[in-house]
Each structure stands twice: as structure tokens, then as C-alpha cells.
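> With the sequence up front, the predicted model follows.
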Amino acid sequence: MATKKSVGTLKEADLKGKRVFVRVDLNVPLDDNFNITDDTRIRAAVPTIQYLLSHGARVILSSHLGRPKGVTPKYSLKPLVPRLSELLGLQVVMANDCIGEEVEKMVAELPEGGVLLLENVRFYKEEEKNDPEFAKKLASLADLYVNDAFGTAHRAHASTEGVAKYLKPSVAGFLMQKELDYLVGAVSNPKRPFAAIVGGSKVSSKIGVIESLLEKVNLLVLGGGMIFTFYKAQGLAVGKSLVEEDKLDLATSLIEKAKAKGVSLLLPTDVVVADKFAADADSKVVAASSIPDGWMGLDIGPDSIKSFGEALDSTQTIIWNGPMGVFEFEKFAAGTEAIAKKLAELSGKGVTTIIGGGDSVAAVEKVGLADKMSHISTGGGASLELLEGKTLPGVLALDDA
Ligand SMILES: Nc1ncnc2c1ncn2[C@@H]1O[C@H](COP(=O)(O)OP(=O)(O)OP(=O)(O)O)[C@@H](O)[C@H]1O
Ligand SMILES: O=C(O)[C@H](O)COP(=O)(O)O
């Protein structure tokens, strides 16, 4: 895989009394009352912070939240302070800014074993522009840089990439390391047979992933909205199902590529169709070759669940990205839930199961099976880019091991 193989780690760094700039990805979902609806990313950031604290460091945390245009109070990181403090077992101090005199003063006053959370770094447009002067200002706050923001490692921003040029050492945190170990390590050197399950809405957003995985896997299982483009390319009627007309040739060429590579490509043989795109739609199971006019496929059917399960039974490594159906609607969640259960069962038998970010993570969490998987990525876009074989700027910028 074309990503960086090994980066410097936290364990090699001298931390006692040092001011450490830690880029974390605390981009968590908040409801209208600013309650955190999923704290996974905050929990995932804790081991690195705790390690730093236990080694006498002074921790300066930096993150973005959302995509604000300038200073936008609704994207403040303040609502995260109570949960972060609770998880760390200490009171996290919050700054009203991420650079400037007041922040410098707060950093100077930060004791060993203290944590200062900087305000949303995207309140400055210079962050996303990767402005060197801004990166220098962030760097001037600390003695060393730790990047643990895997979820944002595909962005070349000032706090994820630029700052590493001005702060040495620049090393990976434990979360970053773990994500790379699984998403690069396990995928480039998998225990075989190695299977990928790819779903989600459109084939266009997964072309890169499918093409890259076709080079590595023994089995490729496809589900989700993209299958109808494959069906149509094979001359089947798909009713009102989601189809990308301009990707029909691509679908055919992916099928041919799989054949040429000796990869066994499984498409669902039956689907759950609906008369409209709604939670209360009328639904029925039909063969993939008999989708009625006016109906749309919103999930894989029971025969497919069974045959996918049987094919997965003989694998040793499985990577999954993208739901099998519209799992947000209960009626069309069975395929996605069955795959989640199958992976949990296989994990228990020693199979390496990796959930590559995005909606499949939400689906696994919804059925309460998150802790059964070998690895659940905290990065949607970042994990997709890694699986496509791209290099992540936030990783590239770090010191070599
Ligand atoms: N048959 C289908 N028809 C239409 N939409 C579908 C179908 N199957 C799945 N989807 C939708 O696909 C969406 C997820 O697609 P997406 O490509 O974004 O997946 P993902 O890779 O898991 O997420 P992300 O891009 O956030 O990482 C879900 O909202 C789901 O409802
Ligand atoms: O949620 C994410 O995928 C990351 O936090 C990156 O956010 P972004 O897509 O706004 O850069």
C-alpha cells in the first residue's frame, strides 16, 4: 500500500515536563442541545493523553469540530469539556482561542499533568489553507507534536500537517498507530483467505476502494445501493433502484477485473424491494433477476445473507466498508445487521474483522457489536483513502521511525 510504513511513536519521546501539542479528532456529533450523541472519538483519544500525563507531560489538545466558516459559537469545543474531563479523571482547562497571547499565558501556567483544550482550530481559515504562519503559531505553543487525529489525517491542514514541519519530534499517538496497524498492516499482509465487503450508496464513491482491494482480496462481497448498477450492467431490470447510468461500463470492467485476478466476486442473489424510499414502505423479497417495475431495492435478501455468511465462514481476515442496505429504516436493516452479527461471530473464532469507518461503524454500534470486532476505525474519509492505497498527509508529515 502506498502509505507510509512506519512512523515515530510516542514511546520514544522524552516527555517529562514537556509541552506537547496533541492533534486529536474530537469531531463528534452533537444534538441541538449540544449533547454528545456518540463519544467514540473522545474515548479513542484517551489512551494517548493518559500516557502523556502519566509521563509528566503538559498536554495541549487541538481539534476541529464541524466545518465552521470563521468563529461560529455552535461549533465551539466547550460542550466536550465535561465528558473529556470525566474520562480523564481531571478537570480539563478550555481556552477561548487556539493561538494568541491569552492561550500562550494559559500554556505557560499549565502544570505537569495538566490538560488544556484549545478552541476549534477551524475558527481560523488559515487552518484548512495549511497556512505556514498559522502552523508556526500553533507550533510555538509546544515542545513536541503528537498526531492522534486519524480521522483527519487525510487533510493537509495546519494542525494536522503544517505544524509537523516546525515541531520536532513529530510522532504518532496510539490511536493513529493502531489505525495504521490495522488498515495498512492487516490489509497489506493479511491472513488469508482475505475478504472485503463493500456497500454503501454509490459505486462512484467506492471505485478507488474496490479497485485497490481487488488487488489484494480473495473474496469481494458487494451490497448496498451500488449493486443495482452492476445488475443493470448485466442486463437485469432494476425498477426504480439507485443506478448510476454513467458507471455501467465501469461495473462491467470491475467484474472482468475480478475474474482476471481470480477474485471471487459475490453479488446478492435476492433483494428486499420497496414501493417507495420510506421507513413505512411496502416491501417484499424478490430474486435479483425479478425486480418489478416501479419498485426499488433497499436491502439484500435472506438467501444472500445466507450465502454471504457461508462464503465468509472460510475467511481469516475481513474488512467491511458501507452498509448492505438502507439500515436507517428498520425494515431494510436486516442485511446490514446480519453481516455485523456474522463478523462478530467470526471475530470470536479468531478471524480478524476490521470495520473501515463511516456508516458501517454506525450500523455495528446500533446492534451493540462494536466491542466484538478486531478493529473499528474512527475515520470515515481517512480509512477510505487508506483503503484506496492513498497516502495520508497527516501521517506523511510525521518523523520516520
Ligand atoms: N439499496 C440502497 N439504496 C439506496 N441507498 C442505500 C442502499 N443501501 C444502502 N444505502 C445507503 O447508503 C448510505 C451509506 O453510503 P456511503 O457510501 O456513505 O457509506 P459509508 O462508506 O459507510 O459511509 P461514509 O461515506 O460516511 O464513510 C446509507 O445512508 C444507506 O442508507
Ligand atoms: O469526521 C471526519 O471525517 C473528520 O473529522 C474530518 O472532517 P472533515 O471531513 O470536515 O475534514
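Everything's here; your move. Residues are numbered from 1 along each chain as shown. Ligands and ions are numbered 1, 2, ... in the order given.

> How about stretch 15-33, which residues are buried there?
Within stretch 15-33, the residues scored as buried using 16 or more other Cβ atoms under 10 Å are 15, 18-28, 30. All C-beta spots, glycine's among them, are computed from the backbone N, C-alpha and C.

> Any residue of it touching ligand 2?
Yes: using Cβ under 6 Å from any ligand atom, stretch 15-33 reaches ligand 2 at Asp25, Asn27.

> measure that stretch end to end?
Distance between the two ends of stretch 15-33: 38 Å, counting by Cα to Cα, to the nearest Å.

> same question, stretch 110-129
29 Å.

> and it with ligand 2, contact?
No: using Cβ under 6 Å from any ligand atom, no contact is recorded between stretch 110-129 and ligand 2, whose separation bottoms out at 8.1 Å.

> please renumber so the chain begins at 23
That works, and once the first residue is 23, the last one we named lands at stretch 132-151.

> Leaving out the residues flanking it, which one is nearest to Val68?
Nearest in space to Val68, with sequence neighbours left out and distances taken as Cβ to Cβ, 6 or more residues apart in numbering, is Leu109 at 5.2 Å.

> Could you say whether the one you found sits in a helix, a strand or coil?
helix (DSSP: H, G, I helix; E, B strand; the rest coil).

> Now do the domain split for the protein, please.
Structural domains of the chain, as assigned by the TED database, span the residue ranges 29-195, 204-410.

> I'd like these as JSON lines, with distance to ligand 1 and mean pLDDT appended.
Listed next are the domains of the chain as JSON lines, based on distance: least, Cβ to the nearest ligand atom, whole Å; pLDDT from 0 to 100:
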{"stretch": "domain 29-195", "distance to ligand 1": "11", "mean pLDDT": "96"}
{"stretch": "domain 204-410", "distance to ligand 1": "2", "mean pLDDT": "95"}
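
> Could you export those to TSV, including columns for distance to Gly416?
Output for the domains of the chain, formatted as TSV (distance: least, Cβ to Cβ, whole Å):
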stretch	distance to Gly416
domain 29-195	3
domain 204-410	8
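
> Quick one: closest of these to Ala419.
domain 29-195 (3.8 Å; Cβ to Cβ).

> re earlier: now for the domains of the chain, which one comes closest to Leu420?
Closest among the domains of the chain, using Cβ to Cβ: domain 29-195, at 4.3 Å.

> for the closest one, the distance to its chain's centre please.
Centroid displacement of domain 29-195 relative to its chain, using Cα atoms, centre = their mean, to the nearest Å, is 19 Å.

> mind listing what the residue in the stretch 123-272 of the chain that ligand 2 sits nearest to touches?
At 4.2 Å from ligand 2, Gly173 is the closest residue in the stretch 123-272 of the chain, using Cβ to the nearest ligand atom. Contacts of Gly173 were listed using Cβ atoms under 8 Å, 6 or more residues apart in numbering, and they are Asp47, Asn49, Arg63, Thr400, Gly401, Gly402, Gly403, Ala404.

> what about the residue of the chain found nearest ligand 2, distance to Lys100?
Ranked by Cβ to the nearest ligand atom, the top residue of the chain for proximity to ligand 2 is Asn49, at 3.4 Å. Distance from Asn49 to Lys100, counting by Cβ to Cβ, to the nearest Å: 15 Å.

> next one: Glu150
21 Å.

> neighbour count winner among the two?
Glu150 (17 against 14; other Cβ atoms under 10 Å).

> doesn't that one fall inside a helix?
Yes: counting by three-state DSSP, Glu150 is found in a helix.

> This protein against ligand 2: which residues are in contact?
So the chain meets ligand 2 at Asp47, Asn49, Arg89, Gly173, Thr174, Arg177, Gly402, Gly403 (Cβ under 6 Å from any ligand atom).

> As CSV, those with secondary structure and distance to Asn118 would be great.
Below are the residues of the chain next to ligand 2 laid out as CSV (DSSP: H, G, I helix; E, B strand; the rest coil; distance: Cβ to Cβ, whole Å):
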residue, secondary structure, distance to Asn118
Asp47, coil, 21
Asn49, coil, 19
Arg89, coil, 20
Gly173, helix, 24
Thr174, helix, 22
Arg177, coil, 24
Gly402, coil, 29
Gly403, helix, 29
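
> now Tyr167, what's its secondary structure?
State at Tyr167, reduced to three classes by three-state DSSP: strand.

> Any idea how many residues pack against it?
27.

> Can I get the buried residues of stretch 37-55 in a markdown table including secondary structure?
Shown next, in a markdown table, are the buried residues of stretch 37-55 (three-state DSSP):
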| residue | secondary structure |
| --- | --- |
| Leu37 | coil |
| Lys40 | coil |
| Arg41 | strand |
| Val42 | strand |
| Phe43 | strand |
| Val44 | strand |
| Arg45 | strand |
| Val46 | coil |
| Asp47 | coil |
| Leu48 | coil |
| Asn49 | coil |
| Val50 | coil |
| Leu52 | strand |
